[in-house]
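[1] What follows is a predicted protein model with its sequence.
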Amino acid sequence: MALTGTPFFILTIVLFVGSIALAMAQFRARGKGSAVRGSSRRRRAGGGSAGGGPLQAVGYLTTILFCQVTAVAMVFVVVNNENQLYDNWADLLGTSSHVQAVPVPPKDNGLAGDRAAGSAAPRQKQVLTFKPASSDAVPKDVKQADLKGQLSGVEGEVLVWTPPQYDDPAYQNKTFPVVELLAGYPGSSSTWFGDMAVTNQLSALMKSGQVTPFILVSPRVQLLNNADTGCADVPGKVNADTWLSRDVPQMVIDNFRADDTAAGWALAGFSAGAHCANRLAIGHPDRYRAAIAMSGYNDPIGEKASLTYQDPKLRVIDNPLYMLTHAQTPPNIGLWETGKKGDGLEDAVALQQAAKSPTAVTTFETTGAHLISTWKPLVAPSFEWLSKLIPAP
């Protein structure tokens, strides 16, 4: 049974209520037993034992533990459903790995280079079978497929939503721009479509022309057991960068009428996903035009479970601020950065102050906590900003 959605939530409520009912039944039974024993003592000179024996004590203790476990489980499910941290038991328990191999990726010549004849990254077109998303929290019009990354050695699910115009006959010969949606850590590929309600918020705005009709793509970002990849290629451990910036985009282009130029691609993320969005956009201006980063950070220490924080060299070079200031030429990208004081704002301002044309950084100060409830209202304004950089087809 999935961790997110209604069925498991209902199960935890039933178990919790049952544990309380069991405890109350034991309490009443104990009260009746005490009354019977008291009456018996009054009728005879010798008194019986006031206790119920060791087995009864064990029963009481077991019931108390059952109540506590079910209460904690119910609270966990509420929090998990609110933030969609884990979709399944394997992610929660750290028993699954989505890294099947860690090959050395071929030379990266950008999004256009992947499509060019004689590319240094020979590949076969991947036509996948899409099905409804597995999470109950995701709208029914979101599709899901399992992708085996040809370059990265990563396997994982990718969720895709097409805009209202995609099936309109007037757009049948059009290609659409794309936004990759990145969750935080721990985080689920369904979070943006579930609790962030990105499609519910943007569909009407796309129909009215206020927001560009983007194809929205949410790939798996939790690839290793109990570790954040930092969205980097870490030799011998994981090719997370290659998975997100090369395998996923090529799959989308293979299966949908998606723009195959960097001018039509962007990223959006929150928390660790914001760090990744900045890192990938700054590192691959030949693949992305822009990034939306909500409550992100520059120094990988922002997520201490990150492989890039744990490696001294990677901690330096995988810092978006370092990448921006050490780029050979200022990247032609736009960055939309949000955060509050002490939670991303200082990092956003640092990027803004370091940016040189044509790099453009817009900052937006927030006041809310590091939660979905803070980032969700930012979806519409951030995509309206993005639509000025990437217009409708």
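    Nice, thanks for sending it over.

[2] where are the low-confidence patches of the chain?
    Across the chain, the ranges flagged by pLDDT under 70 are 1-9, 12, 16, 27, 30-53, 60, 73-96, 115-123.

[3] just the helices in it please.
    6-43, 53-83, 89-93, 110-115, 198-208, 240-242, 248-255, 272-283, 307-310, 312-317, 320-325, 345-354, 372-375, 379-389 (DSSP state H).

[4] Would you mind finding the most buried of those?
    helix 272-283 (a mean of 29; mean count of other CB atoms under 10 Å). Any C-beta I mention is one placed from the backbone N, CA and C, and that applies to glycine too.

[5] G236: neighbour count?
    5 (other CB atoms under 10 Å).

[6] ok, V160 to P132 distance?
    Note on V160: its distance to P132, by CB to CB, to the nearest Å, is 12 Å.

[7] Settle it for me: which of these two has more neighbours?
    Set side by side, V160 and P132 show unequal neighbour counts under other CB under 10 Å, the larger going to V160 at 24 against 12.

[8] what is the more buried one paired to in the beta sheet?
    Beta-bridge pairing of V160 under DSSP bridges involves K143, V217.

[9] Surely it and V217 touch.
    Yes. Taking CB atoms under 8 Å as the contact criterion, V160 and V217 are neighbours in contact, 5.3 Å apart.

[10] and for those two, which residues touch both?
    V252 (CB atoms under 8 Å, 6 or more residues apart in numbering).

[11] Distance to S189 added to the helices of the chain, as JSON lines?
    Conversion of the helices of the chain to JSON lines gives the following (distance: least, CB to CB, whole Å):
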{"stretch": "helix 6-43", "distance to S189": "18"}
{"stretch": "helix 53-83", "distance to S189": "14"}
{"stretch": "helix 89-93", "distance to S189": "10"}
{"stretch": "helix 110-115", "distance to S189": "22"}
{"stretch": "helix 198-208", "distance to S189": "12"}
{"stretch": "helix 240-242", "distance to S189": "14"}
{"stretch": "helix 248-255", "distance to S189": "11"}
{"stretch": "helix 272-283", "distance to S189": "11"}
{"stretch": "helix 307-310", "distance to S189": "20"}
{"stretch": "helix 312-317", "distance to S189": "24"}
{"stretch": "helix 320-325", "distance to S189": "22"}
{"stretch": "helix 345-354", "distance to S189": "25"}
{"stretch": "helix 372-375", "distance to S189": "15"}
{"stretch": "helix 379-389", "distance to S189": "17"}
